[in-house]
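[1] have a look at this fold, sequence not included:
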């Protein structure tokens, strides 16, 4: 693959994968969701938590401040 080809990533990740992506434990993300106290908010897909890739990327870039709020 060359540098100009785009990698297709899912728009959302399940909690375990999202936690690994931001170097946190899955329970931390679940706590953020339950208490609505984290820097990012999940969405629900079929009753399960899902974390937006865009929000995770913003968090990693230091841009997240309760992004994903409705």
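    Sure, I can see it. Keep in mind it's a predicted model, so treat the numbers as computed, not measured. Numbering: from 1, shown residues only.

[2] report the longest helix in the chain, please.
    helix 26-35 (DSSP state H).

[3] other SSEs contacting that helix?
    helix 15-21, strand 48-52 (3 or more C-beta pairs under 8 Å, 6 or more residues apart in numbering; DSSP states H and E). Yep, even glycine has a C-beta here, placed from its N, CA and C like the rest.

[4] now for the first one, which elements pack on it?
    What that stands for is helix 15-21. Judged by 3+ C-beta pairs under 8 Å, 6+ apart, the packing partners of helix 15-21 are helix 26-35, strand 48-52, helix 53-60.

[5] you'd agree residue 52 is up against residue 43?
    Yes - the pair residue 52 and residue 43 passes the contact test of C-beta atoms under 8 Å, sitting 6.7 Å apart.

[6] higher neighbour count, those two?
    Legend: neighbour count by other C-beta atoms under 10 Å for residue 52 and residue 43, higher for residue 52 (19 against 15).

[7] list the contacts for the more buried one?
    Contacts here follow C-beta atoms under 8 Å, 6 or more residues apart in numbering; on that basis residue 52 touches 11-12, 40, 42-43, 68.

[8] what does residue 60 give?
    Neighbouring residues of residue 60 by C-beta under 8 Å, 6+ apart: 21-22.

[9] what distance do you get for it to residue 24?
    Going from residue 60 to residue 24 by C-beta to C-beta, to the nearest Å gives 11 Å.

[10] same question, residue 17
    Residue 17 is 12 Å from residue 24, where distance means C-beta to C-beta.
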